[in-house]
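Q: Build me a model from this:
(one chain, ligands or ions: 3)
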Amino acid sequence: MRLILLGPPGAGKGTQAHRIVEKYGIPQLSTGDMLRAAVAAGTEVGKKAKAVMDAGNLVSDDIVIAIVSERIDQDDCSKGFILDGFPRTLVQADATEKMLAAKGLDISAVIEIRVDDAVLADRIAGRYTCATCGTGYHDENLKPAVEGVCDKCGGTTFKRRPDDNRETVRTRLQAYYKETSPLIGYYYAKGKLKGVDGMKDIDAVSADIEAILSTL
Ligand code: ADP
Ligand code: ADP
Ligand code: ZN
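A: Ligands and ions are numbered 1, 2, ... in the order given. This is a model prediction of the structure:
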């Protein structure tokens, strides 16, 4: 199963990708996570990407395509994968088609998580993750059972992304509408697009995605 999760920043792509990983045992390939790892490691790619990401703009297609192409060749992707935050431009979408075709593969489905713009700023501003295991939380919508303790690993340190502030949300939404939303038409025309209502609560969205995946 090779999936693409599409939707604006804060829609719930990462949250839902984690649940699909647990259920189906296929890896989540998040270009955002990969780029943040490159920034933290201080690689050449990381140095180029940092300022662009902090401002809420998109990193160049070449860089991101190269990162994903390498990652897909690793053994754990042989049974499938979930692309989270990629492709994000039509150039990336075309490159993905060609890259997969050359490997004899294709995309099974594209799941578009639809969310009103009005809630995105709150979702992004309230987002944080466990620094130990990466589990995602939210100040209001998804708190750990015991305050300050990760449900999954018991960790007590949490982190927030530097770009998760209300100032960058506008830039990131603009980048989404300008560069990424054309992919909705692109995949619709290929008969691959499946929409889910991302305004529902997290479990309800998971159930709707599950219903789609069971038909693939
Ligand atoms: P979100 O979870 O808010 O949708 P991501 O973690 O996917 O955000 O991405 C964070 C930042 O990383 C983006 O604002 C952008 O600068 C960069 N980025 C991630 N994926 C891509 C991509 N496919 N193409 C270009 N830039 C990307
Ligand atoms: P994305 O990867 O699309 O940028 P995330 O999965 O990181 O989005 O979700 C953004 C924030 O919103 C997180 O803090 C998450 O806990 C919360 N969230 C995700 N899905 C929902 C939902 N359906 N309802 C309410 N909050 C949600
Ligand atoms: Zn944890």
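
Q: Look up phi and psi at the spatially most distant residue from the centre of the chain.
A: Each residue of the chain has a distance to the centre, and by C-alpha atoms, centre = their mean the biggest one is for V146: 26.8 Å. Backbone geometry at V146, expressed as degrees, to the nearest 10, gives phi -110, psi 120.

Q: and the gap between the residue nearest the centre of the chain and ligand 2?
A: The residue lying closest to the centre of the chain (C-alpha atoms, centre = their mean) is D84, at 3.0 Å. The gap separating D84 from ligand 2 is 6 Å, by C-beta to the nearest ligand atom, to the nearest Å. For every residue, glycine as well, the C-beta is placed using N, CA and C.

Q: next one: G126
A: On the measure of C-beta to the nearest ligand atom, G126 and ligand 2 end up 6 Å apart.

Q: hmm, back to that, quick one: residues contacting the residue nearest to the centre of the chain.
A: Residues in contact with D84, defined by C-beta atoms under 8 Å, 6 or more residues apart in numbering, are 5, 13-14, 17, 28-33.

Q: Swap in 10 Å and give it another go.
A: Residues near D84 by C-beta atoms under 10 Å, 6 or more residues apart in numbering: 3-7, 13-18, 20-21, 28-33.

Q: E70 is in contact with A38, correct?
A: No. Applying C-beta atoms under 10 Å as the test, A38 and E70 come out as separate, 11.9 Å apart.

Q: Report the secondary structure state of the residue nearest to I20 when sequence neighbours are not counted.
A: Take I20 and drop its neighbours on the chain: the residue closest to it by C-beta to C-beta, 6 or more residues apart in numbering is I82, 5.5 Å away. Using DSSP: H, G, I helix; E, B strand; the rest coil, the structure places I82 in strand.

Q: What is the neighbour count of I82?
A: Each residue near I82 was counted by other C-beta atoms under 10 Å, and the total is 22.

Q: Kindly report the same for K98.
A: Burial of K98 is recorded as 12 neighbouring residues (other C-beta under 10 Å).

Q: Give the buried residues for the host helix or strand of it.
A: If you go by DSSP states H and E, K98 is part of helix 90-102. Judged by neighbour count using 16 or more other C-beta atoms under 10 Å, the buried positions of helix 90-102 are 92-93, 95-96, 99.

Q: Lowest-confidence one in those?
A: Lowest pLDDT among those: M99, with 93.

Q: In this structure it contacts I65, no?
A: Yes. With contact defined as C-beta under 10 Å, M99 counts as touching I65 (7.4 Å).

Q: Find the residues that touch each one of these two.
A: Taking C-beta under 10 Å, 6+ apart as the criterion, M99 and I65 both touch Q92.

Q: how about the residues of the chain near ligand 3?
A: Within the chain, the residues that sit near ligand 3 (C-beta under 5 Å from the ion) are 130, 132-133, 135, 150, 152-153, 155.

Q: how about the helices in this structure?
A: Using DSSP state H, the helices found in the chain span residues 13-24, 31-41, 44-55, 61-72, 90-102, 117-125, 166-175, 182-189, 202-213.
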